[in-house]
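Student: Need the 3D shape of this:
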Amino acid sequence: MKKFIILMFALIMAVALAACGGSQEPEEPADPPAVEDPAEEPEEPAEEPEEPQERTEEVVLYFANNEYVETGDEQYEFMLTETRTITYNEEVCLEEAVVRALMEGPDDEENLSTGFPESVDLIGVSVLDGTAYVNFSSEGLGGGSMQESYVISQTVQSLGELGSVQRVQFLVDDQEAESLMGHISIEEPIEVTME
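Tutor: Here you go, the predicted model:
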């Protein structure tokens, strides 16, 4: 009887083990998720930098009246206007494009001229709270009192026509200065007064 119980116990154990293991094969460990080597990732084509978006604007530019310059006769207007379409973008603001157009001179050279000497170098123009900061290099910045008067008047009046500028602060080499060419004070911002 002892043998029978042992045999029975062995048989139950064998059946239990067979039922637990069944025909299942042991699972192999799952492969770890594939991690791509960053060096092996296909490179996306580099985006080319976008060209600055060009804009155009029709502006009124003030230039010296040649009759006044030649005669000094006050029956002639000190300055006359010329309407021009100018191009600018995010790198050169409209206000800077206006000053650069003044420096280039008028289209109507028979009746108009610019007070800007050819040697003058504009560093840049920025606008903050209605004040345009017009920054010139000191190199090549020279001339008589009439020339200086025209540079200041042309700049202030032309920028004033834009509506975004109420005053102009002239700078020389990024600093406030006493004058541009030694004749007229530019220590304080010059208010736009439209005629």
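Student: And Glu67, which helix or strand is it part of?
Tutor: Using DSSP states H and E, Glu67 falls within helix 66-71.
Student: what does Ser119 give?
Tutor: Using DSSP H and E, Ser119 falls outside every helix and strand.
Student: could you pull out the helices for this structure?
Tutor: For the chain, the helices defined by DSSP state H occupy 2-21, 66-71, 94-104, 145-160.
Student: which of these has the lowest average pLDDT?
Tutor: Ranked by mean pLDDT, these bottom out at helix 2-21, which scores a mean of 49.
Student: circling back to that earlier point, now the helix holding Glu67: buried residues?
Tutor: 66, 68-69 (16 or more other C-beta atoms under 10 Å). C-beta: built from backbone N, CA, C; applies to glycine.
Student: swap in stretch 112-126?
Tutor: Across stretch 112-126, burial judged by 16+ other C-beta under 10 Å covers 112-116, 120, 125.
Student: How about stretch 157-175?
Tutor: Across stretch 157-175, burial judged by 16+ other C-beta under 10 Å covers 157-162, 165, 167-172.
Student: farthest-separated two in these?
Tutor: Based on C-beta to C-beta, the longest span within the buried residues of stretch 157-175 runs between Glu161 and Val172 and measures 24.2 Å.
Student: show me the contacts for Glu57.
Tutor: Glu57 sits next to 85-86, 88, 94, 97 when contact means C-beta atoms under 8 Å, 6 or more residues apart in numbering.
Student: And Thr193, by the same measure?
Tutor: By C-beta under 8 Å, 6+ apart, the residues touching Thr193 are Gly160.
Student: Tell me the confidence at the residue lying closest to Ser113 once chain neighbours are set aside?
Tutor: Nearest non-adjacent residue to Ser113, counting by C-beta to C-beta, 6 or more residues apart in numbering: Ala64, 4.8 Å away. Looking at Ala64, its pLDDT is 96.
Student: who's in contact with Ala64?
Tutor: Ala64 makes contact with 78-79, 112-115, 150, 154, according to C-beta under 8 Å, 6+ apart.
Student: Report the buried residues of stretch 72-86.
Tutor: Residues 79-82, 86 are the ones in stretch 72-86 that count as buried (16+ other C-beta under 10 Å).
Student: Stretch 92-105 now?
Tutor: Going by neighbour count (16+ other C-beta under 10 Å), the buried part of stretch 92-105 is 92-99, 101-103, 105.
Student: wait, what's in contact with Ile186?
Tutor: Contacts of Ile186 were listed using C-beta under 8 Å, 6+ apart, and they are 152, 169-170, 176-180.
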